[in-house]
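>>> Task: produce atomic coordinates for the following.
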Amino acid sequence: MKKEAKILPVISEKSRNLSTSQNTYVFKIFPPDLNKVEIKSLIEKKFNVKVREVRVINYSKRKRGRTKILNVRPRFKKAYVKLEQGYSISIFE
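Residues are numbered from 1 along each chain as shown. Have a look, this model is predicted:
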């Protein structure tokens, strides 16, 4: 497992609705090389919950800007984590 893994919660209207209705939480994962098993174990250790399912979306590096100075959005991975019944993460409440 990677030592420098970071899990950042995505707080938005959609993620709040998912957390209340479907017990699914959204996270940005750095580095994006982590697989589903590693993401599952990281979240279980960090938040002391049981994870039922992990779905991931890979976002590629993208150049932005219309001027001579271009901005680059780095690549990242977004994970939708569904928890077992009875568990919740207090960050989203």
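>>> Let me know the pLDDT of the spatially most central residue of the chain.
Geometric centre of the chain, nearest residue: Phe27, 1.9 Å, by Cα atoms, centre = their mean. pLDDT, Phe27: 96.
>>> so it sits in a strand?
Yes - assessed with DSSP: H, G, I helix; E, B strand; the rest coil, Phe27 lies in a strand.
>>> in the sheet, who's paired with it?
Pro9, Ala79 (DSSP bridges).
>>> does the residue sitting furthest away from the middle of the chain count as helix, strand or coil?
What lies farthest from the middle of the chain is Lys68; by Cα atoms, centre = their mean that is 32.6 Å. Secondary structure for Lys68, judged by three-state DSSP, is coil.
>>> In a strand, Ser41, correct?
No - applying three-state DSSP, one finds Ser41 to be helix, outside a strand.
>>> number of nearby residues for it?
When neighbours are counted by other Cβ atoms under 10 Å, Ser41 registers 13. From N, CA and C alone the C-beta is placed, and that goes for glycine too.
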